[in-house]
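> What would the 3D arrangement of this be:
(2 chains)
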Amino acid sequence: MPPVPESEGLTRRAVLYGGAVTAGLMIAIDFPWGAARAAPVSNPEPVATGQRFNAYIHIAPDDRITFTLPAVEMGQGVYTSQAQCIADELDVALDKVIAAHAPPDQANYGNPIFVVQATGGSTTTMAWSGPLRKAGATARAMLVAAAAARWQVDAASLTTENGVIAHAPSGRSLRYGEVANAAASLKPPTEVTLKDPSRFRLIGKPVHRIDTPDKAIGKTVYGIDVMLPGMRFATLRSSPVLGGKVAKVDQAPALAVPGVRQVVVLDDLVAVVADNSWAAMQGLNALAIDWAPGANAELDQAQLWSGLEKASQGQGAVAKKEGDALAKLKQGTVFEESYELPYLAHAPMEMTNCTVHVQGGACEVWTGTQVPGFAQTGAAKVLGIAPEKVTVNNHLIGGGFGRRLEVDGVIKAVRIAAHVDGPVKVIWSREEDIRQQLYRPLYHERLKARVEDGRITAWHHRVTGGSVMAHWLPPAFNDGIDSDAVDGAAEVPYAVGDRLVEYIRHESAVPVQFLRGVGPNGTIFAMECFIDLIANKTGTDPLAFRRRLLEKNPRALGALNLAAEKAGWGTAPPASPFGARRGRGIALMNAFGSYLAAIADVAVADQGDVRVTRLVIAADAGKIVNPNIFEAQIQGGATFGLSAVLFGKITFAGGRVEQGNFNDYRVLRIDEMPAIEVHIVPSNENSGGIGEPGTVVTQPAVANAVFAATGVQLKRMPIDRALIAKGA
Amino acid sequence: MLEFTINGEKHQADVPPDMPLLWVLRDVLGMTGTKFGCGIAQCGACTVHLDGVAVRSCQLPAGRVGDRAITTIEGVGNTPAGAKIQKAWIDLEVIQCGYCQPGQIMSAAALLASNPAPDDSDIDAAMAGNICRCGTYVRIREGIKHAARS
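Sure thing, here's the model as predicted:
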């Protein structure tokens, strides 16, 4: 089997993100393999001596091998999967490898799909498997060439295993560290052959994660755990009303709290600096801050919903047009429905935090971020200094889910630290983290379809909502279309005839951001609920109806059929003491280059509470780097989706977020957790993403199961128990 | 000056008695394995043992610890149940981001120490106070059973 061209898997997603990004992709994929680099750009060398072969690989004379990894580890397992790709081609064992996060350096570590240096969108395996394998193979070829020169033998006669180069005819061997200096000074080969998959030792294997042993013993240092000599601790309160300002504050009550050193009052926030976090929190709570609420004092949720609905009645920018759907939808049997998705907070377990030391016209930042470059430029802008004057020390992240794609936490910390002598660790309370972040946009998904002979012959999907891309990655917002908001709608797995997909950008005062599952959380949720509605109204089995629309899509059909077979579609859902009403729901998704089908069983209590009793997921995501991590991502993504569909909502009243902690922003707990069965379709297709899909596919499966159990299809998420209480 | 026995070692800290143990551990003693997750005993990230019993250190005033022995994630591996749980967590790759896992491991170790063969309902009762956002619950359940069998 020939080596896989690493760019092959990228094309599809890059196209989704529009022309400007595709152009960037071509530039980004042209990596500077060439020169062996003396040092990384801004972070200190992880080991003092040795040789850097390229941006990703450093080999010390004592054989310590350091991988500098472009995608950040926030639980999704990419420290391990990226290391597997390099180590397999380099022929070293994972236990020999030290992993480190890349410093801000877009030229070397910019995501080939996003161009910017970002980890997200389920892109890591798609974006980096090829380049990292090539980096490993290139370094291996240089090591072998150096050994061949030393022994005066043909490089082809040498073999490598576990960091050792061997010449079988003479019985000689050399460790990589012994030839690292000579090898790194060689001109890197322009062409290298990647391993045939039959020779993989690590790629495709369920090897153990490299980050978890330290995590199990409390040794891992997350951003929030950073301790520096002379460090102060701070916490903050921003205006509870969106966009409000500090009107007046008497600092004395905070300064009277033992351990409090300083109160920092900025135009929109107050921070208390102390000897420890507890004193800082006590000091903050002692303050009676007068806020000038500003323009959003009347903002409330009903108004946000109605504004969105009204906007959705307009005409959108055309994201996809095939045939003349609007004409066809003027006659025949036509169904129409809208689905609404709420604001959601990410609520990672590690709340927003950042440690900053500003001194002498420079700034050092310690945090966990999905976007180290944004952290650097964000801090530099606050201080009016050059980005090179900002050092960003990145850390393993205690959950991202999109929250760490923004650097608002870094910027606020730097603004505070500019007034503090010495380093200061700024920790947000959970309440601040829930109330002051950027939210998954409110979405209105309007769908219309014509049905003829049990098939869909015309389809109109209009997505209305705030745009994340417009502020986060402007090149991906083109011609009025947010490529993420219509992801999952612009390309659909089903045959739906003539098709029109539109997008209407509708902003409110509420800032928006990606959340695990991103755009397809809305588009696919709506599409899958709508398909169930049509099946219901036409008296068709939801599985049979979908199969009819998938005759020309074998991968989607394969995932769907596997899930149906494993779940025992057609049998009754199991009885549950939780509730007498029972239902089974199905959903399919194709996004992120992956196909997943989910089947959920639910029990519904008389008062309307929903318990998911079983979840079966089948996945075809192409070639898999680590099956164990892959399965964990589906389990985790599904759990995140269960929290969202059952409980997740952020609402506004008087311009304030109404939720604040896990008591009122509920997330799933283990006693509410169903068994999840994951079934993988063996595949040689290009790798798809797997961080988001479980979240996307689980939500409509549960909603459809509730529909089956109660006969009520809910149009606004999360599930509203009052609407499905017995006799409601 | 308060005195504590943490993981078998004596520590002194000049802190007010109402300061929660969590902040004594993290900010005063620099033992950052124990995590801050909610501050109101809703998430369990701050779980430690007092004489082997799982408690939420974010709600435990330091002055109320008294002479009870504190065990944290840094020391729980020295107990038979803690060692079994930590090994099971690695064997089954329970951990993802890992931020909640010190608390999960402390709760699971306390459960296993008091109940050598917990069933699903025992696990639900002991672990429902520990939130995980990565969604490791399925494997936590398996991990506890795996540890119990070992």
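
> ok, now how distant is the nearest residue to A:Tyr439 once chain neighbours are set aside from A:Gly316?
Sequence neighbours aside, A:Tyr343 is the residue nearest to A:Tyr439 in space, at 4.1 Å (criterion: CB to CB, 6 or more residues apart in numbering or on different chains). No exception for glycine: its C-beta is placed from N, CA and C like everyone else's. Distance check for A:Tyr343 against A:Gly316: by CB to CB, to the nearest Å, it reads 21 Å.

> So between the two, which is more surrounded?
A:Tyr343 (24 against 21; other CB atoms under 10 Å in any protein chain shown).

> OK, contacts around that one?
By CB atoms under 8 Å, 6 or more residues apart in numbering or on different chains, the contact list for A:Tyr343 reads A:Tyr439, A:Arg440, A:Pro441, A:Leu442, A:Val510, A:Lys649, A:Ile650, A:Thr651, A:Phe652.

> ok, now with 7 Å
When contacts are counted by CB atoms under 7 Å, 6 or more residues apart in numbering or on different chains, A:Tyr343 is found next to A:Tyr439, A:Arg440, A:Leu442, A:Val510, A:Lys649, A:Ile650.

> now for the helix or strand containing A:Lys448, which elements pack on it?
Per DSSP states H and E: A:Lys448 is located in strand A:443-452. In terms of contacts (3 or more CB pairs under 7 Å, 6 or more residues apart in numbering or on different chains; DSSP states H and E), strand A:443-452 is packed against strand A:333-341, strand A:455-465, helix A:520-537.

> Neighbouring strands of it in the sheet, and parallel or not?
Within its sheet, and counting by DSSP bridges, strand A:443-452 is paired with strand A:333-341 (antiparallel), strand A:455-465 (antiparallel).

> Of the ones you listed, which stretch is the most buried?
Ranked by mean neighbour count under mean count of other CB atoms under 10 Å in any protein chain shown, these are led by strand A:455-465, which reaches a mean of 24.

> Just the C-alpha atoms of that strand, please, in PDB.
Extracted as PDB, the C-alpha positions of strand A:455-465 are listed here (Å, rounded to 0.1, in the frame of the first residue of the first chain):
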ATOM      1  CA  ARG A 455     -39.100  10.400  -0.400                       C
ATOM      2  CA  ILE A 456     -38.100  14.000   0.200                       C
ATOM      3  CA  THR A 457     -38.000  15.900  -3.100                       C
ATOM      4  CA  ALA A 458     -37.400  19.400  -1.900                       C
ATOM      5  CA  TRP A 459     -35.700  20.800   1.100                       C
ATOM      6  CA  HIS A 460     -35.200  24.200   2.700                       C
ATOM      7  CA  HIS A 461     -33.100  24.800   5.800                       C
ATOM      8  CA  ARG A 462     -32.600  28.300   7.100                       C
ATOM      9  CA  VAL A 463     -30.200  28.800  10.000                       C
ATOM     10  CA  THR A 464     -30.400  32.000  12.100                       C
ATOM     11  CA  GLY A 465     -28.100  32.900  14.900                       C
END
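
> quick one: that strand to chain centroid distance?
If you compare the mean C-alpha spot of strand A:455-465 with that of the full chain, they lie 26 Å apart, counting by CA atoms, centre = their mean, to the nearest Å.

> same deal with stretch A:79-96?
For stretch A:79-96, the separation from the chain centroid amounts to 23 Å (computed by CA atoms, centre = their mean).

> Burial check on the closest residue in space to A:Asp541 that isn't next to it in sequence, number of neighbours?
By the measure of CB to CB, 6+ apart, the closest residue to A:Asp541 outside its immediate chain neighbours is A:Ala535, 6.9 Å from it. For A:Ala535, the number of neighbouring residues by other CB under 10 Å comes to 21.

> what's the residue nearest the centre of chain B in contact with, if anything?
Note on chain B: the residue nearest the mean C-alpha position is B:Met106, at 2.8 Å, using CA atoms, centre = their mean. Shown here is B:Met106, whose contacts under the criterion CB under 7 Å, 6+ apart are B:Thr47, B:Val48, B:His49, B:Ala54, B:Ile73, B:Val76.

> run the last query once more with 10 Å
For B:Met106, the contact set (CB atoms under 10 Å, 6 or more residues apart in numbering or on different chains) comprises A:218, B:33-34, B:44-49, B:54-55, B:57, B:71-73, B:76, B:82, B:85, B:130.

> Now the terminal residues of stretch A:683-696, how far apart.
The first and final residues of stretch A:683-696 sit 21 Å from each other (CA to CA, to the nearest Å).

> What of stretch A:101-120?
The first-to-last residue distance of stretch A:101-120 comes to 15 Å (CA to CA).

> Go through that stretch and flag the buried ones.
For stretch A:101-120, the buried set under the neighbour-count rule, 16 or more other CB atoms under 10 Å in any protein chain shown, comprises A:101-106, A:108-120.

> One more: stretch B:17-24?
With the criterion 16+ other CB under 10 Å, stretch B:17-24 contains buried residues B:Met19, B:Pro20, B:Leu21, B:Leu22, B:Trp23, B:Val24.

> Just give me the neighbour total for the closest residue to the second one other than its chain neighbours.
In other words, B:Pro20. Spatially, and ignoring its direct neighbours in sequence, B:Pro20 is nearest to B:Cys58 (5.2 Å; CB to CB, 6+ apart). B:Cys58 is flanked by 24 other residues according to other CB under 10 Å.

> just A:Val226 next, same as before
One way to gauge burial is a neighbour count; for A:Val226, by other CB under 10 Å, it gives 19.

> coming back round to it: as JSON lines, the helices and strands packed on strand A:443-452 with mean pLDDT would be great.
Supplementary listing: the helices and strands packed on strand A:443-452 in JSON lines, determined by pLDDT from 0 to 100:
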{"stretch": "strand A:333-341", "mean pLDDT": "98"}
{"stretch": "strand A:455-465", "mean pLDDT": "98"}
{"stretch": "helix A:520-537", "mean pLDDT": "98"}
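
> which ones are touching the residue of chain B found nearest chain A?
Using CB to the nearest CB, B:Gly33 is the residue of chain B that sits closest to chain A, at 2.3 Å. In this structure, B:Gly33 makes contact with A:215, A:217-221, A:225, B:25-26, B:48, B:72-76, B:101-102, B:105-106, judged by CB under 10 Å, 6+ apart.

> Among the contacts of B:Met106, name the buried ones.
Restricting the contacts of B:Met106 to buried positions leaves A:218, B:33-34, B:44-49, B:54-55, B:57, B:71-73, B:76, B:82, B:85, B:130, with burial counted as 16+ other CB under 10 Å.

> domain assignment for chain B?
Domain segmentation of chain B under automatic domain parsing yields B:2-71, B:77-149.

> Okay, strands next: where are they in chain B?
Counting by DSSP state E, chain B forms strands over residues B:2-6, B:9-13, B:47-50, B:53-56, B:69-71, given from the N-terminal end onward.

> can you redo those strands as CSV with distance to chain A and mean pLDDT?
Formatted as CSV, these follow (distance: least, CB to the nearest CB, whole Å; pLDDT from 0 to 100):
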stretch, distance to chain A, mean pLDDT
strand B:2-6, 12, 98
strand B:9-13, 10, 98
strand B:47-50, 11, 98
strand B:53-56, 12, 98
strand B:69-71, 11, 98
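
> Tell me which of those is the most buried.
Per-residue neighbour counts averaged over each of the strands of chain B give the maximum for strand B:47-50, namely a mean of 26 (mean count of other CB under 10 Å).

> Adjacent strands (with direction) for it?
When pairs are called by DSSP bridges, strand B:47-50 turns out to pair with strand B:53-56 (antiparallel), strand B:69-71 (antiparallel).
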